[in-house]
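[1] I would like the atomic coordinates for the input below:
(one chain, ligands or ions: 1)
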Amino acid sequence: MKIDLSFSQSHVDELQLRERNVVVIDVLRSSTTVIAALQNGAREVIPVASVESAVKVSGSLFGDVTLRGGERNGKMIQGFNLGNSPLEYTELMVRGKSIIFCTTNGSVAMAKCRYARSMAVGAFVNMSSVVEYIRGLNSDVLLLCAGRPPGVGGFSLEDSVCAGMIIHALQKDQDGGPVELTDASLAALSLYKSFGRSVKKMLKNTDHGKYLMEIGFSKDIDLCSEIDFIPIVPVLSGTVIKVRKDAVDAESAV
Ligand code: MLT
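    Reported below is the predicted structural model:
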């Protein structure tokens, strides 16, 4: 199994993702928010790349079962029902709803995967579940870090460290076959070894983490740093993201 990695969604276009197995990582905060929304009973999350698409897609769907969620500069978009704080996506707010989701990098990365063979959403909160999911694929995978916009360099430490933690776990247990790493995945592994000791501390020291704290979202950092807090794997099916069915079946069989 070869694990490749891209440090920023802005470095790839959707045709490069065609027929690949992709795991999208946007720790702060889109991945964590999608995971929280589905855990709290949202019917589905529909990622879109622009506010215009969000308005268009939600306009064609029926009234109050559809919500618009997302951000610009970390804050809720005018005319939307929800921002991009995972803490807003409570059961009361999202149960049974379809959420049209539009964020600066995360939803763009997710929407770019429409021609991918598979797409799953990864973060610290579903770490072991996503590692298990990748093992089960038993096939080459691209870890696609959402990163930051190209104007600020595209790179985000938190997504790369999260990807490095996934790689570290996959490397530890190679029972399913050897794990081959590219230069980029080796670099992420090294970042995890340098910065992954305290995830919360690392998140608080990142550019985006500092910005989120400045605009009042310190509690989001706490949640986004909770390893294995939400043990589900969201996956793309057509154009919508839902909880991976195997996991749902396994849970309902208990
Ligand atoms: C993004 O998609 O760039 C982020 O999730 C931004 C945010 O923290 O809201």
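[2] So His208 is in contact with Ser156, correct?
    Yes: His208 lies in contact with Ser156 (C-beta atoms under 8 Å); the separation is 6.1 Å. Where you see a C-beta, it was placed from the backbone N, CA and C, and this is true even at glycine.
[3] okay, and the common contacts of these two?
    Taking C-beta atoms under 8 Å, 6 or more residues apart in numbering as the contact rule, His208 and Ser156 both touch Leu28, Arg148.
[4] got the residues of the chain near the ligand?
    Residues of the chain found near the ligand (C-beta under 6 Å from any ligand atom) are 26, 28-30, 71, 74, 84, 103-106, 146, 212.
[5] Of these, which belong to helices?
    Ser30, Gly106, Leu212 (DSSP state H).
[6] Please tabulate the residues you listed in a markdown table and include distance to Arg20, pLDDT and neighbour count as additional columns.
    A markdown table is the format used below for these (distance: C-beta to C-beta, whole Å; pLDDT from 0 to 100; neighbours: other C-beta atoms under 10 Å):
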| residue | distance to Arg20 | pLDDT | neighbour count |
| --- | --- | --- | --- |
| Ser30 | 20 | 98 | 31 |
| Gly106 | 18 | 98 | 31 |
| Leu212 | 30 | 98 | 23 |
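[7] ok, longest strand in the chain?
    The longest strand of the chain (DSSP state E) is strand 66-72.
[8] After that strand, which helix or strand is next? Please name it.
    Using DSSP states H and E, the next helix or strand after strand 66-72 towards the C-terminus is strand 75-76.
[9] for Gly48, phi and psi?
    Small correction: residue 48 is Val, not Gly. Val48 has phi and psi values of phi -130, psi 160 when expressed as degrees, to the nearest 10.
[10] Contact partners for it?
    By C-beta under 8 Å, 6+ apart, the contact set of Val48 is Ala54, Val57, Ile100, Phe101, Cys102, Ser107, Ala111.
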